[in-house]
Each structure stands twice: as C-alpha cells, then as structure tokens.
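Colleague: generate a structure from the sequence data that follows.
(2 chains)
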Number of protein chains: 2
Amino acid sequence: MPDLPDSSRPDRFDLSTYLKAQRAVLDQALNDFIRRHFSDSRLNAAMKYSLMASGKRLRPVLCLAAAETVGNINNNTTNNITNDVIQTACAIEMIHTYSLIHDDLPAMDDDDLRRGNPTCHIQFDEATAILAGDALLTLAFEILSRNASATAAPAEMKLKIMHLIAAAAGHKGMIEGQMRDIEAENTPLPLDALKHLHYLKTGALIEAAVVSGALLAGGDGKSIEQLRIYANHIGLAFQVTDDILNVEGDAELMGKATGTDASRHKATYPGLLGLEKSKAFASDLVNNALHALEIFGNKADSLAAIARYVITRNR
Amino acid sequence: MPDLPDSSRPDRFDLSTYLKAQRAVLDQALNDFIRRHFSDSRLNAAMKYSLMASGKRLRPVLCLAAAETVGNINNNTTNNITNDVIQTACAIEMIHTYSLIHDDLPAMDDDDLRRGNPTCHIQFDEATAILAGDALLTLAFEILSRNASATAAPAEMKLKIMHLIAAAAGHKGMIEGQMRDIEAENTPLPLDALKHLHYLKTGALIEAAVVSGALLAGGDGKSIEQLRIYANHIGLAFQVTDDILNVEGDAELMGKATGTDASRHKATYPGLLGLEKSKAFASDLVNNALHALEIFGNKADSLAAIARYVITRNR
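Modeller: Predicted structure coming up:
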C-alpha cells in the first residue's frame, strides 16, 4: 500500500474508535427504520440482507463527518449531527447499496461475493435482487422527502439536497459511470477518460454525501467549495486504491475476488501507470484533499483521518 | 369487451381528441427535457427509446386530468395545468417506464415485445436495460426535486408529492406488487390476494398520479378523498381489463403477446371468476369510479371518460 502522505497536521486522531462510533449511529438508525417499516416479505429480506452487510459505510460516515466539520463542535456538543443528517446519510447508503446489488448482477459484473458474503442475487435470486435494488433506491428518496415540519431542515434545503443526490446518482453521474465501466471492458481507455469514468461512478456520490452533510449543518459557500475539492480528491484516491487492491490485495480480507480487473481487460491505474506511480498518485490526491481541509483547522480531524484511511485500508 | 357501464352522465366528451392533446403536451415536455439534458450516450439512448415508445400515457394524463378537475376550469383557462403538474406527470411516466423495462427483463417476465417494439433489453442489452431503468427512476426524483423558487408550487408541497410518489412506487407499493406477481406464478392466489397484489402493482402509482395532480391544483381534503376512490377503482378495473385482453385481445393491436397468463399459470380474474363475471366486475368498478366523481359535476368529464376508456380499450 502507499506510504502515509506527508501532512503538517499531526495524525493523533483515533480513526478506528471514530469509525466504530459513527457506524454504530448509522446501524442503529438503519435498524430502527427496518424494524418500523419492513415486513417479513422476501423483498424486505433481500433489502435488509444487502443493506446490513458489513460494509465500510464510507459515504454515510463522510456525510456525518462533513456536518461535524462545518458545524460548531467547539462547544463540545454534536447537535449539528441532527436527525436530518443521519437520515440523509442512511439514504445515501441505501443508494450505494442498490448500486452494488445491481452492479453485481450476472448481466453486469457477475460477482458472486460481496463484503465476504454471497451477493444478493446469489443469496436470493436475480429477480429479487433487481427489485431489492430498485426498492432501496426508491426508499432513499422516500426518506429524503419525509415531512419537513417534523424535522429541523426547511423544505427548500431538503429539496436542494434531494436534487443534488439524485443528480449525483443518476444518468449524468453514478449510473453513467457504471455504463462507461461496462463499455470500457476490453477497451484501452486513456487516463483522462478513466479519471472521468471514476468521478462519475464513485466520486459524484461521495461528493454528494460530503456536500449534503455540510449543507444540513449550515456550511457556507466557501466551506462547501473546499469540501467539494476534498471529496473529489478522496473519491479518486479511493478508486485508485481499489485498483491497487485488486492487484495486490488479500481476497480474504477484502471479502471479494482480486485479480478480476486484469482478467476482464479493464483499464486500471496500475495498468496505465504501473503500481508504484499509482501509489504515488493516490498519495498526492490525499495530500490535496488534506490541503483543502486547512481552513477548518482541527474541526476537520475526522475528514482528514478518513482521507488517509482511504489509501491505507486493506479492504 | 365489457358493455359500456351505465351512468346518468351523458358521454358527449370527445376522449380521443382530449387524449391526443394531453399526450402532445406530455410528449413535448418529455422531448424538451431530452433535448436539453440527454447526450448521445448509450444510456440516454436506451432511456429515450423506452420513454418515447408509443405508450398510452395513462398515468400522466390522469395527473393532468385530476388537476383540471379540481382546478377552476370554469373561467375557460387551463392555467391550473401548471408547469409543476406537467413535470410531475412526466416524472410519473418515467417511473412507470422504468418499471416496464425492469419487469420485461429475462430474470422477471422475460418479454421480448412491448408497445409493439422490441423491449429495452432486446433492443440494447440486459445491462443497459437495467441501468436505463435505474436512471429513469432516479431522473424522476431529480425532476420532482427541482428548485421550487423557479416554479409555482411551494417546497413543502413538492416534498409531499415526492413522498407520496416514492411511497407508491416503493417497497410497500409497486415494487412489492411486482415481487408478489413473480412469487404468484404457479400459485393459486385467492381473489382478495389478487386484488391486493394489483393495488400494489398498478393501483398505487395510478392513485399517486391522480392525487399529486389534484394536490398541485389546490384540491381540498374532500376532493382528494373522492379522487382517491376514483383512482383505486379505475386502477383495479385497468388490471381486470388487462387480464381480459390477455385472454381475448388482439396481439397485433396490443403490440404484445396474448395468452401469456395462462401459459404462466398466473392467477387472473378470468381464471378466478370466468370471462363474463370479470367483465361485469370491471364494469361495476368503473361505475363506482364515476360515482366518486359526482361532486365535481362536469369538471370531471375527462376523468369520467378515461374511466370508461379503461375497460373499453382494445390494447
């Protein structure tokens, strides 16, 4: 894996404890929702199966961390992590989960294993997996559009956030990225096209997660702009690291097969740049992300630690 | 087909001209959107292919007609058909189209023909069809969440409408209906379960189309309640008629295969009740729908004519 990027910021932040706490908040919110709204239908079982698999929860944690960063955490409260932020984070995780379910389908990447478990269409069946994905996507928007009067954020803000999430997830964002990824099999894609593909496929929703958390916590224009730069850099770093892990990662740790990019003749950063230059590229991206956080001082410790984690993770 | 239902309301309304005009409004709005927002990507081509196929546009026409019905059309303007109503109608048609694309997939109903044309996965391929469906669903919510300040409806109203559409289309509505439909193959479903399945699969989104149009046009509680009754009755009548057409319809006129229900051993109204009783049932449903419209007087002429059309159509 790449070396830890240089940074003037001392890394005393305990990311492991932080991630554990944030994931607990998210899992509790998701479980609460499931308990109140899911039945014992096959459809709900498949939705729950994929949603509650042991994922990294990167996008929703980023949403919470961005809200903390722009919010007033100096007074030692976490009241800027409102219920709206948590619900938005959960909705984004639902969108991410639906995209994994559909990407794993036989007609797409045809993967049998995800997060160490059978993929949804293997555990259930293909029709159920398609519908579970559709339902998680729809549920995300059902949650995002819940009655504003019951919560803190004004309706205008909720609409704005729904719109940016829908745009990031849609035909000019994540879905177009997945389409290009499929089209790019057996096609020698140049570096710029590969970067843009990954911005669409992964970066856009990561950016939406960060920006929506920051907007809900009252972030101003300058804060949002810096966080957008941060998100774009870690989004790309995440994908470069994914490619590196696909070459030299431990399949058991990762809970999915490695070496699959090469066998599919997909353009990858290691394929285009070589392994060492890919690691240096990921490291540069993270340094740029850290630089974008400087205006927030130590309020951005969690986001900074996540940026470093993105390229040092082993799964 | 069933006899025209009895009704004290004289049917002098020219439905054919009305449908032509409303479909032209919708097609223009959809084409405008496509021209401004679609590229020449394969994904956009597949979305456009299915969205602009020659469908009945039943749901969006109902949305427009419901807005007319509760709006003040006595002053001979159509200004209650605001841009919001048209955009909402278009979004609902996108959701309906996505559901058809996914329902037609090999893992689901495995249909090659839809509206007289090759289904999306036949014309393109399976991966593209899955993504085109995902993208149309996401685009519907992107459109519904567009900046309220640019349009007439307040943000609270837009949120409310998004929420009811998402709920109707989701895991407690349309998608659960499709799941049950698949589970019901080769299963002798009793009449009540079949009715509920169809409420979920077809009725819920029809209801959402009618109610959202009426809400945007300022419908009061009593109007919404009556329109909900109307929608539920025509939704079920629509499905009963679909089953009847599957037995005795003209495959060429319908643009899809007939006799498929029997070969799939699906529970149907003709199967459970016989053909004649099914026709009488559909006729009763439409009479109940017409009864629910009485409070609107001749303002509801379009909705009444659509109710009659639902069971007299031949495709």
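
Colleague: what does the stretch 201-315 of chain A put close to chain B?
Modeller: By the rule C-beta under 8 Å from any C-beta of the partner chain, no part of the stretch 201-315 of chain A lies against chain B. Bear in mind the C-beta positions are built from the backbone N, C-alpha and C, glycine included.

Colleague: point out where the stretch 201-315 of chain A drops to low pLDDT.
Modeller: Across the stretch 201-315 of chain A, the ranges flagged by pLDDT under 70 are A:253-256.

Colleague: how far away is the residue most central in space within chain A from chain B?
Modeller: The C-alpha lying nearest the average C-alpha coordinate of chain A belongs to A:Arg59 (C-alpha atoms, centre = their mean; 3.2 Å). Using C-beta to the nearest C-beta, to the nearest Å, one gets 16 Å for the distance from A:Arg59 to chain B.

Colleague: ok, and the closest non-adjacent residue to A:Val70?
Modeller: With sequence-adjacent residues excluded and distances taken as C-beta to C-beta, 6 or more residues apart in numbering or on different chains, A:Val70 is closest to A:Gly219, at 3.7 Å.

Colleague: help me confirm that that neighbour is found in a helix?
Modeller: No - using DSSP: H, G, I helix; E, B strand; the rest coil, the assignment for A:Gly219 is coil, not a helix.

Colleague: surely it and A:Met157 touch.
Modeller: No - applying C-beta atoms under 8 Å, one finds A:Gly219 not in contact with A:Met157, separated by 11.3 Å.

Colleague: so if I had to pick from the two, which one is more boxed in?
Modeller: Taking other C-beta atoms under 10 Å in any protein chain shown, A:Gly219 and A:Met157 do not tie; A:Gly219 has more neighbours (22 against 17).

Colleague: residues in contact with the more buried one?
Modeller: A:Gly219 sits next to A:Ala66, A:Val70, A:Leu227 when contact means C-beta atoms under 8 Å, 6 or more residues apart in numbering or on different chains.

Colleague: out of these, which comes closest to chain B?
Modeller: Nearest to chain B among the contacts of A:Gly219: A:Ala66, at 20.1 Å, using C-beta to the nearest C-beta.

Colleague: if I pick that closest one, what's in contact with it?
Modeller: A:Ala209, A:Val210, A:Val211, A:Gly213, A:Ala214, A:Ala217, A:Gly219, A:Leu227, A:Leu303.

Colleague: could I get the residues you listed as a markdown table with distance to A:Asn83?
Modeller: Formatted as a markdown table, the contacts of A:Ala66 follow (distance: C-beta to C-beta, whole Å):
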| residue | distance to A:Asn83 |
| --- | --- |
| A:Ala209 | 17 |
| A:Val210 | 19 |
| A:Val211 | 19 |
| A:Gly213 | 13 |
| A:Ala214 | 17 |
| A:Ala217 | 13 |
| A:Gly219 | 18 |
| A:Leu227 | 21 |
| A:Leu303 | 21 |
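
Colleague: give the PyMOL command for selecting the buried subset of those.
Modeller: Buried residues within the contacts of A:Ala66, by 16 or more other C-beta atoms under 10 Å in any protein chain shown, are selected in PyMOL with:
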select buried, chain A and resi 209+210+211+213+214+217+219+227+303
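
Colleague: now, the contacts of A:Ala66 that are in helices?
Modeller: Using DSSP state H, the subset of these located in helices is A:Ala209, A:Val210, A:Val211, A:Gly213, A:Ala214, A:Leu227, A:Leu303.

Colleague: ok, A:Gly177 - contacts?
Modeller: A:Gly177 neighbours (C-beta under 8 Å, 6+ apart): A:Leu197, A:His198, A:Tyr199, A:Leu200, A:Lys201, A:Thr202, A:Ala204.

Colleague: could you say which helix or strand contains it?
Modeller: Assigned by DSSP states H and E, A:Gly177 belongs to helix A:174-183.

Colleague: same question for that helix, mean pLDDT?
Modeller: In this model, helix A:174-183 has a mean pLDDT of 95.

Colleague: quick one: the strands in the stretch 1-150 of chain A, in order.
Modeller: All strands of the stretch 1-150 of chain A, identified by DSSP state E, counting those that start in this stretch, fall at A:113-114, A:117-118.

Colleague: and the last one, how far out from the chain's middle?
Modeller: What that stands for is strand A:117-118. 20 Å (C-alpha atoms, centre = their mean, to the nearest Å).

Colleague: in a markdown table: the ones in helices among the contacts of A:Ala66, plus distance to B:Thr268.
Modeller: Output for these, formatted as a markdown table (distance: C-beta to C-beta, whole Å):
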| residue | distance to B:Thr268 |
| --- | --- |
| A:Ala209 | 45 |
| A:Val210 | 50 |
| A:Val211 | 49 |
| A:Gly213 | 49 |
| A:Ala214 | 53 |
| A:Leu227 | 55 |
| A:Leu303 | 56 |
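
Colleague: returning to what we had before: what's the most buried one of the strands of the stretch 1-150 of chain A?
Modeller: Burial of the strands of the stretch 1-150 of chain A is given as mean neighbour count (mean count of other C-beta atoms under 10 Å in any protein chain shown); strand A:113-114 ranks first at a mean of 18.
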